[in-house]
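K.L.:
sequence? don't have it. structure:
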């Protein structure tokens, strides 16, 4: 009996793809693994092991190599954003990578789509918008950079990227899971939150290496996963934080940037 075409795991598809890349034909690969020829072909295209010769589901699905080398502030920003708001979901064909945001932030997803060369559409759902793509190469690359399945239930660290781009990585994370509030009294609160205390400790250390002082990490006890929050202490550190994260980036959430402009200098 042939393998159920709707139940291939990421590991299986990776194995099929590696065998195919060794120089075996589609027919040889299908026979070797005892899988359906046409389903194999579709999966190899969908996960970036084979260049499509025609459209798949009415669109081309190119291999995404954007994150192979983090050598620009834009790449570091998007990696940080994926650390915060990105997700990996299991589909019938493997796993897709996506971001879901408030509808008012759709322009950020338009830029994400353009920078990565994603061919899929951005979908609106009431007050939210979402984009996702499927590429096994990109999935493996992002996992190597520290993005995990079910990351809301795991500890993780800041990725090993060049230190010159860390400020943009933190900006991307802040745009995803950071908050700035200006009270009616003019008092400002700036924070980053995560389900990983280890990650926030890494961020805290990096900020303090740059002279940006933070409070101790606060813990909010929850039924499933504790939530950890890192606060920037005092107005002068909030200003230093803004100067640090925004100094090199051409991408950011305008609504958060505008709030930083309200902090008196």
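P.N.:
Cool, the structure landed. Quick caveat: nothing in here was measured; it's all calculated off a predicted structure.

K.L.:
check which helix or strand covers the closest residue to residue 142 other than its chain neighbours.
P.N.:
Distance criterion CB to CB, 6 or more residues apart in numbering; nearest residue to residue 142, sequence neighbours excluded, is residue 67 at 6.0 Å. (Glycine included, C-beta is placed from N, CA and C.) Secondary structure assignment for residue 67, by DSSP states H and E: no helix or strand.

K.L.:
Count the neighbours of residue 67 for me.
P.N.:
Using other CB atoms under 10 Å, residue 67 has 21 other residues around it.

K.L.:
ok, it - contacts?
P.N.:
75, 78-79, 138, 141-142, 145 (CB atoms under 8 Å, 6 or more residues apart in numbering).

K.L.:
Just give the closest residue to residue 207, not the sequence neighbours.
P.N.:
Closest to residue 207 by CB to CB, 6+ apart is residue 214, at 5.8 Å.

K.L.:
what are the bridge partners for the one you found, then?
P.N.:
residue 232 (DSSP bridges).

K.L.:
who's in contact with it?
P.N.:
Per CB under 8 Å, 6+ apart, neighbours of residue 214: 204, 207-208, 230-233, 237.

K.L.:
Quick one: buried ones out of these?
P.N.:
204, 207, 230-232, 237 (16 or more other CB atoms under 10 Å).

K.L.:
so what's the residue nearest in space to the middle of the chain closest to, chain neighbours aside?
P.N.:
Nearest residue to the geometric centre of the chain (CA atoms, centre = their mean): residue 82, 1.6 Å. Using CB to CB, 6+ apart and skipping the chain neighbours, the partner closest in space to residue 82 is residue 147 (5.9 Å).

K.L.:
for residue 211, same thing?
P.N.:
residue 240 (6.4 Å).

K.L.:
Repeat that for residue 210.
P.N.:
Closest to residue 210 by CB to CB, 6+ apart is residue 244, at 5.8 Å.

K.L.:
quick one on the thing from earlier: any idea which helix or strand carries the residue nearest to residue 211?
P.N.:
Element membership for residue 240, per DSSP H and E: helix 235-246.

K.L.:
Downstream of that helix, the next helix or strand is which one?
P.N.:
Following helix 235-246 toward the C-terminus (DSSP H and E): helix 254-260.

K.L.:
which residues touch that next one?
P.N.:
104-105, 174-175, 178, 180-182, 188, 238-239, 242, 246.

K.L.:
Columns distance to residue 155 and pLDDT on top of those, output as a markdown table?
P.N.:
Shown next, in a markdown table, are those (distance: CB to CB, whole Å; pLDDT from 0 to 100):
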| residue | distance to residue 155 | pLDDT |
| --- | --- | --- |
| 104 | 32 | 95 |
| 105 | 28 | 96 |
| 174 | 20 | 98 |
| 175 | 22 | 98 |
| 178 | 19 | 97 |
| 180 | 26 | 97 |
| 181 | 27 | 95 |
| 182 | 32 | 94 |
| 188 | 30 | 95 |
| 238 | 27 | 97 |
| 239 | 31 | 97 |
| 242 | 28 | 97 |
| 246 | 28 | 98 |
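
K.L.:
Return the member of the residues you listed nearest to residue 122.
P.N.:
When the contacts of helix 254-260 are compared for distance to residue 122 (CB to CB), residue 105 wins out at 10.9 Å.

K.L.:
Could you tell me how many residues sit around the nearest residue to that closest one once chain neighbours are set aside?
P.N.:
Nearest non-adjacent residue to residue 105, counting by CB to CB, 6+ apart: residue 253, 6.2 Å away. For residue 253, the count of nearby residues is 21 (other CB under 10 Å).

K.L.:
And residue 161, by the same measure?
P.N.:
Neighbour tally, residue 161, other CB under 10 Å: 20.

K.L.:
Contacts only, for it.
P.N.:
For residue 161, the contact set (CB under 8 Å, 6+ apart) comprises 70, 76, 79, 145, 169.

K.L.:
And for residue 162?
P.N.:
70-71.

K.L.:
confidence score at it?
P.N.:
At residue 162, the pLDDT value in this model is 96.
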